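Undergrad: Predicted model follows, preceded by the sequence.
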Amino acid sequence: MTTDKIRILVAKPGLDGHDRGAKVIARALRDAGMEVIYTGLRQTPEMIAEAALQEDVDAVGLSILSGAHMALVPRILELLRANGLGQVPVFLGGIVPDEDVQPLKQMGVAGIFGPGTSTGEIAEAIHSAVKR
């Protein structure tokens, strides 16, 4: 394992119990050469921020299908900043209505990926954001 390997935390915040997409992305990112830490289902924002700190990650990927992204993502961003991880890019995948995309990006979300986004596009976006 090289020291340049991107470490990404993949998390499922909230009560959403559907994790197939998160697992597909985790495997694709692993296949793209990243070290993936998958936290599993039903993570609180506090659990995600603490795991990001403990695992010393380069990026955080969130998968939300429940519609709770406008409540969960701001809290996660706030906690990451409070833990000194404000520079860590955060990515969001799942069902995000068009009207929520710009506000989420203005909050600091580095990329938002909906259904049908290729895993290659997601991996490239993470590589680009971490290089910055």
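TA: Perfect, I can see it now. Numbering: from 1, shown residues only.
Undergrad: how many neighbours does Val101 have?
TA: 14 (other CB atoms under 10 Å). To be clear about C-beta, it is placed using only N, CA and C from the backbone, and glycine gets the same treatment.
Undergrad: go on, Gly67?
TA: 14.
Undergrad: For the residue lying closest to it once chain neighbours are set aside, which residues are in contact?
TA: Counting by CB to CB, 6 or more residues apart in numbering, Gly67 lies nearest to Ile95, which is 6.8 Å off, once chain neighbours are set aside. By CB atoms under 8 Å, 6 or more residues apart in numbering, Ile95 lies in contact with Ile64, Leu65, Gly67, Gly114, Pro115.
Undergrad: Quick one: low-confidence residue ranges for this protein.
TA: Residues of the chain that meet the criterion pLDDT under 70 lie in 1-3.
Undergrad: try 90 this time
TA: Along the chain, the model assigns pLDDT under 90 to residues 1-4, 16-18, 132.
Undergrad: Who wins on neighbours among the contacts of Ile95?
TA: Ile64 (23 neighbours).
Undergrad: For it, give me phi and psi.
TA: Here is the backbone geometry of Ile64 (degrees, to the nearest 10): phi -130, psi 120.
Undergrad: Could you find the closest non-adjacent residue to it?
TA: Gly94 (4.4 Å).
Undergrad: repeat for Ile76
TA: In space, Ile76 is closest to Pro45, 4.5 Å off (CB to CB, 6+ apart).
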